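S.K.: Turn this into a structure:
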Amino acid sequence: MATTAYLRISTDKQDERSQGATCEKLAAELGIKIDHTIRETQSGGVAWQERALATWLDAAHPGDILLLSEISRIARSITGIMSFLEAAAIRRVNVHCASPRFAVDGSIQSSVLVFAFGLAAQIERDLIRSRTRAALAERKAAGVRLGRPPGQPTRSKLDQHADAIRTMLGARVSHAAIGRTFGASRQTVCAWVHAHKHIEEI
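M.R.: Predicted coordinates for the structure are as follows:
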């Protein structure tokens, strides 16, 4: 069993020291020692699947422990946080967070917590869909033509959602969250966005 502290930091060294000290204190309270520390300078807007967290989770063994100074180190959205905690639970690794203080460790309490996060994530997805529909309605009312240009063949199931994806990208919704909304993998969304670079420029 190995314990890893995850620090998602800015370029501010003080931020790194603060997170590190918080994880050290949390480890002491749990009666464990930190074996490894992951330091990553990355925006929380980037999905965890595209960051060092995914690399750690892929290599983690059942019983391994991840320490976080605060929950926002995982992601900025409830959906992003929930997807990581679900993946961690499937791999049977333990996640301990200092702020707010919680643990995902297979206990009844953590199961209730995961359920609560799941409910919040579903609410967030519903809100994203609602905002997307409202934004599309506004564009349609303004006379903006929606859908694919005439004569352009459908090459991906995401093509029919081009306008919705455009709106979600503008709202800084992660590729993973967009994929869950339209039933596609994160990789599919990334490939689609790359093939339609103009989408992000409009």
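
S.K.: Poorly predicted segments of the protein, please.
M.R.: For the chain, the stretches with pLDDT under 70 are 10-13, 108-128, 144-155, 197-202.

S.K.: And the strands in it, which stretches?
M.R.: Taking DSSP state E to define them, one finds strands in the chain at 3-9, 36-41, 65-70, 94-99, 102-104.

S.K.: roughly how far is the longest one from the heart of the chain?
M.R.: Averaging C-alpha positions (CA atoms, centre = their mean, to the nearest Å) puts strand 3-9 16 Å from its chain's average.

S.K.: Quickly run through the sheet partners of it, with directions.
M.R.: The strands beside strand 3-9 in its sheet (DSSP bridges) come out as strand 36-41 (parallel), strand 65-70 (parallel).

S.K.: One more: the fourth one?
M.R.: Pairing partners of strand 94-99, with direction, according to DSSP bridges: strand 65-70 (parallel), strand 102-104 (antiparallel).

S.K.: Give me the residues contacting it.
M.R.: 22-23, 25-26, 30, 63-71, 85, 88, 102-106 (CB atoms under 8 Å, 6 or more residues apart in numbering). For the C-beta atoms, the positions are set from N, CA and C on the backbone; glycine is no exception.

S.K.: Also the first one?
M.R.: Contacts to strand 3-9, defined as CB under 8 Å, 6+ apart, come from residues 15-16, 19-20, 23-24, 27, 32-42, 44, 51-53, 56, 64-69, 73.

S.K.: Just the buried residues from those, in PyMOL please.
M.R.: Buried members of the contacts of strand 3-9, defined by 16 or more other CB atoms under 10 Å, are picked up in PyMOL with:
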select buried, resi 16+19+20+23+24+27+34+37+44+51+53+56+64+65+66+67+68+69+73
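
S.K.: circling back to that earlier point, nearest to Ala142, of the strands paired with strand 94-99?
M.R.: For the strands paired with strand 94-99, proximity to Ala142 was assessed by CB to CB; strand 65-70 is nearest, at 40.5 Å.

S.K.: Go ahead and name everything in contact with the closest one.
M.R.: Under the contact criterion CB under 8 Å, 6+ apart, strand 65-70 has outside partners 1-7, 18-19, 22-23, 26-27, 32, 34, 56, 60, 74, 88, 93-100.

S.K.: just the buried members of those residues?
M.R.: 3-7, 19, 22-23, 26-27, 34, 56, 60, 74, 88, 93-98.

S.K.: on that earlier part again, for Gly143, find the nearest of the strands paired with strand 3-9.
M.R.: strand 36-41 (43.4 Å).

S.K.: Where do the domain boundaries of the protein fall?
M.R.: Domain ranges of the chain: 3-114, 145-202, per automatic domain parsing.

S.K.: Using CSV, list the CA coordinates for stretch 55-74.
M.R.: Taking Å, rounded to 0.1, in the frame of the first residue of the first chain, the C-alpha atoms of stretch 55-74 are listed here in CSV:
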residue,chain,number,x,y,z
THR,A,55,-1.7,8.3,-14.7
TRP,A,56,-1.6,7.7,-11.0
LEU,A,57,-5.0,6.0,-11.0
ASP,A,58,-4.0,3.7,-13.9
ALA,A,59,-1.0,2.5,-11.9
ALA,A,60,-2.6,2.4,-8.5
HIS,A,61,-3.3,-0.8,-6.6
PRO,A,62,-6.2,-1.6,-4.3
GLY,A,63,-5.6,0.0,-0.9
ASP,A,64,-3.4,2.7,-2.2
ILE,A,65,-4.1,6.2,-0.8
LEU,A,66,-4.4,9.6,-2.4
LEU,A,67,-4.2,12.7,-0.2
LEU,A,68,-5.6,16.1,-1.3
SER,A,69,-5.4,19.5,0.4
GLU,A,70,-8.9,20.4,-1.0
ILE,A,71,-11.5,18.9,-3.3
SER,A,72,-11.0,21.6,-6.0
ARG,A,73,-7.6,20.0,-6.7
ILE,A,74,-9.5,17.2,-8.5
